[in-house]
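> here you go, sequence then predicted model.
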Amino acid sequence: MCGTCGCGGDEHGHGETVPMEHRVLARNDHLAEHNRTWLRERSILMVNLMSSPGSGKTTLLERVITGLLDRVPVAVIEGDQATPLDADRIRATGCPALQVNTGSGCHLDAGMLAGALDELDPAPGSVLFVENVGNLVCPALFDLGEDHRAVVMSVTEGEDKPLKYPYMFRTADVVLLNKVDLLPHVDFDPVRFRERLSRVNPAADVLPVSALRGDGLGEWDTWLADRLRRLTEEAGIPR
Ligand SMILES: Nc1nc2c(ncn2[C@@H]2O[C@H](COP(=O)(O)OP(=O)(O)O)[C@@H](O)[C@H]2O)c(=O)[nH]1
Ligand SMILES: [Mg+2]
């Protein structure tokens, strides 16, 4: 059991904590389904970005939003423990953003998202990004109703992270391997990283990127455009 938020640790945990963890997560899953329905009714594609603090989530969003905004409405929900700093950075790109501060909480949950969706009210057909609280543990356990999970990991964090934080990497649809501009300066082998990731999640797409220098951002944009196209085709909406 996570001492900070009571979000549940190992689903096969010990003793009295298990039923409570299951109740917390079952309630969350119920609210996540409500969010999913809300998003489907509006044909909104929601992508949940997760990482440890400082991996480059906000910088990646600033960069990709600038390209997307010409073609599609975009909105961002920012999750942090405190400060409106990230939402301010996103708004500076011209994109609507709402900050949700979790206080001592170490993740966003589906209930917080439901309130944020009502308040932000993204335009139908939007791409909606959620920047989760920086943390490789608790956010992985909480379904927000998102269509896709993107995990950002920078090359300064070490190749072993998929093995050490398997819950996070197991549920990722795409892993953005950020800060590749720093590869000449750090001891990080992208091949060994992919091998370790494939042990916990062989299906995840891996996109090497540098939010700072721009490498791979076209591939990230294409990945998003492809998911948006699939969503609208499923809904039978012409764009
Ligand atoms: N060298 C390098 N630094 C980056 C890159 N992306 C982000 N950063 C830096 O990493 C720090 C944290 O970035 P930020 O986007 O705030 O991370 P977040 O906490 O995950 O949202 C900032 O100083 C960024 O300028 C990158 O691709 N290369
Ligand atoms: Mg950030």
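Structure received. Everything numeric in this text was worked out from a predicted model, so none of it was measured. Numbers count the residues shown, from 1 in each chain. Ligands and ions are numbered 1, 2, ... in the order given.
> only C-alpha atoms from now on, for both contacts and neighbour counts.
Will do.
> list the helices and strands the longest helix seen in the chain packs on?
In the chain, taking DSSP state H as the definition, the longest helix is helix 17-41. Packing partners of helix 17-41 (3 or more CA pairs under 8 Å, 6 or more residues apart in numbering; DSSP states H and E): helix 110-120.
> spell out which residues of the chain are next to ligand 1.
The chain comes close to ligand 1 at residues 53-59, 178-179, 181-182, 210-212, as judged by CA under 6 Å from any ligand atom.
> looking at these, which are in strands?
residue 178 (DSSP state E).
> narrow the residues of the chain next to ligand 1 to those that are buried.
55-59, 178-179, 181, 210-211 (16 or more other CA atoms under 10 Å).
> helix or strand for the spatially most central residue of the chain, which one?
For the chain, the residue sitting closest to the mean C-alpha position, by CA atoms, centre = their mean, is residue 49 at 1.6 Å. Element membership of residue 49, judged by DSSP states H and E, is strand 45-50.
> quick check: angle from that strand to helix 17-41?
140 degrees (axes from the mean of the first three to the mean of the last three CA atoms, to 10 degrees).
> what strands line up against strand 45-50, and which way round?
strand 127-131 (parallel), strand 148-154 (parallel) (DSSP bridges).
> which residues sit against the last one?
By CA atoms under 8 Å, 6 or more residues apart in numbering, the surrounding residues in contact with strand 148-154 are 46-52, 55-57, 168-169, 171-180.
> do the same with the first one
For strand 127-131, the surrounding residues in contact (CA under 8 Å, 6+ apart) are 44-50, 57-58, 72-79, 122, 228.
> for the lowest-mean-pLDDT helix or strand in the chain, the distance to its chain's centre please.
Lowest mean confidence among the helices and strands of the chain (mean pLDDT, DSSP states H and E): helix 17-41, at a mean of 90. Distance of helix 17-41 from the chain centroid (CA atoms, centre = their mean, to the nearest Å) equals 17 Å.
> cool, stretch 105-118 as well?
That offset, for stretch 105-118, works out to 13 Å (CA atoms, centre = their mean).
> now swap in stretch 92-111 and tell me
The answer for stretch 92-111 is 12 Å, by CA atoms, centre = their mean.
> quick one: low-confidence residue ranges for this structure.
Across the chain, the ranges flagged by pLDDT under 70 are 1-18, 237-239.
> swap the cut-off to 80 and go again
1-20, 235-239 (pLDDT under 80).
> need the helices for it, in chain order.
Using DSSP H, helices in the chain cover 17-41, 57-68, 85-91, 110-120, 161-164, 166-170, 190-200, 217-235.
> pick the most buried one from these.
A comparison of the helices of the chain by mean neighbour count, using mean count of other CA atoms under 10 Å, puts helix 166-170 on top with a mean of 22.
> residues making contact with that one?
By CA under 8 Å, 6+ apart, helix 166-170 touches 136-137, 139-141, 151, 162, 175, 197, 200-201.
> any quick ChimeraX command for the buried ones out of these?
Entered in ChimeraX, the line below selects the buried ones among the contacts of helix 166-170, by 16+ other CA under 10 Å:
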select :136,137,139,140,141,151,162,175,197,200,201
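> let me know the closest of the contacts of helix 166-170 to ligand 1.
residue 151 (10.1 Å; CA to the nearest ligand atom).
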